[in-house]
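**Q** coords below, sequence missing:
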């Protein structure tokens, strides 16, 4: 069985692809730089947001990896770092010792509260404000369609 030949991108599609690559790369870089002031990465921040929104501020590690769209090993690496900083703790699940809870500590919640204004200002400056307000619903629909096609999860907010 042969794989079908991919269709080349037309000019409009090429421009959309390049704009996406540039916007995603630059926004990710700028958001990471802003959060560095709080000794966090964008990945760390996303983990803290998901944990803060969870009941009792805790999620099973395997579920957290799914929520933040990371491999289990990458999520474990991030949690190792956050745990060493006292921002997250890990506890065995009493019902199944093979499963581990990741829990946002009080220090972690304070860290999130301190980082939130920086992150919000950065998201606004680098991602939201450059988009004309009337274009925002179309941009949201387009990005949601891409995320949904790739198996993305809906955010907790």
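**A** Sure thing, it's come through. Keep in mind it's a predicted model, so treat the numbers as computed, not measured.
**Q** From now on I want contacts and neighbour counts done on CA atoms only, so please keep to that.
**A** Noted.
**Q** Grab the longest strand from the chain for me.
**A** With secondary structure taken from DSSP state E, the chain has its longest strand at strand 96-104.
**Q** And it, what's buried?
**A** 100-104 (16 or more other C-alpha atoms under 10 Å).
**Q** what helix or strand does the residue nearest to residue 69 when sequence neighbours are not counted sit in?
**A** Excluding its sequence neighbours, the residue lying closest to residue 69 (C-alpha to C-alpha, 6 or more residues apart in numbering) is residue 152, at 7.4 Å. For residue 152, there is no host helix or strand (DSSP states H and E).
**Q** residues contacting the most centrally placed residue in the chain?
**A** A centroid search over the chain (C-alpha atoms, centre = their mean) returns residue 46, at 4.4 Å, as the residue closest to the centre. Residues near residue 46 by C-alpha atoms under 8 Å, 6 or more residues apart in numbering: residue 68.
**Q** what do you get if the cut-off is 10 Å, keeping everything else the same?
**A** Residue 46 makes contact with 40, 52, 67-68, 112, 155 under the criterion C-alpha atoms under 10 Å, 6 or more residues apart in numbering.
**Q** Just the buried ones among those residues, please.
**A** Of the contacts of residue 46, these count as buried by 16+ other C-alpha under 10 Å: 40, 52, 67-68, 112.
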